[in-house]
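coordinates for the following, if possible.
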Amino acid sequence: MDKLLLLSGIAGSVTSIFACLCLFVKPIRNKLLGLNDIRDGQKCLLRGEMLHTYYKHHEENRIRQYEYENFIYSYKAYKALGGNSFIDKIYREVQTWEVYT
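Below is the predicted model:
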């Protein structure tokens, strides 16, 4: 019985240590590899692409189907990367435009 309690205590300690390591590994890995900078660059490129499409078509309020689909994919990727709400208003406006082929 004592061995079982000892084993249980050791397993609990190892699990706790492993959980703490998991919490610290991701931020350290992101910092060392520069992943945060890459993510910020990707967000910037996506935002720039969406703004280019928006300003290209905002006067006529219509957009080609493939450009609309690319805009939607870019928006979803931008939001998945943690993009802010800056582009949300533009996204809602583009959704109201006429889509043509």
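
look at Arg62 and report its pLDDT.
We have a pLDDT of 96 for Arg62.

and the gap between the most centrally placed residue in the chain and Asp37?
Computing the C-alpha centroid of the chain and ranking residues by CA atoms, centre = their mean puts Leu81 first, at 1.6 Å. Remark: distance between Leu81 and Asp37 (CB to CB, to the nearest Å) = 12 Å. Where you see a C-beta, it was placed from the backbone N, CA and C, and this is true even at glycine.

contact partners for the residue nearest to the centre of the chain?
Arg39, Gln42, Lys43, Leu46 (CB atoms under 8 Å, 6 or more residues apart in numbering).

list just the nearest of these to Met1.
Arg39 (51.5 Å; CB to CB).

quick one: strands adjacent to the helix or strand hosting Val99?
Element membership for Val99, per DSSP states H and E: strand 98-100. Partner strands and pairing direction for strand 98-100 (DSSP bridges) are strand 62-64 (parallel).

buried by neighbour count: which residues of the partner strand qualify?
For strand 62-64, the neighbour count (16 or more other CB atoms under 10 Å) marks Ile63 as buried.

give me the residues contacting it.
Thr53, His57, Phe71, Val94, Trp97, Glu98, Val99, Tyr100, Thr101.

need the pLDDT of Leu7.
Leu7 is given a pLDDT of 79.

what number of residues lie near it?
Leu7: 10 surrounding residues under other CB atoms under 10 Å.

what about it, distance to Ala19?
For Leu7 relative to Ala19 (CB to CB), the value is 19 Å.
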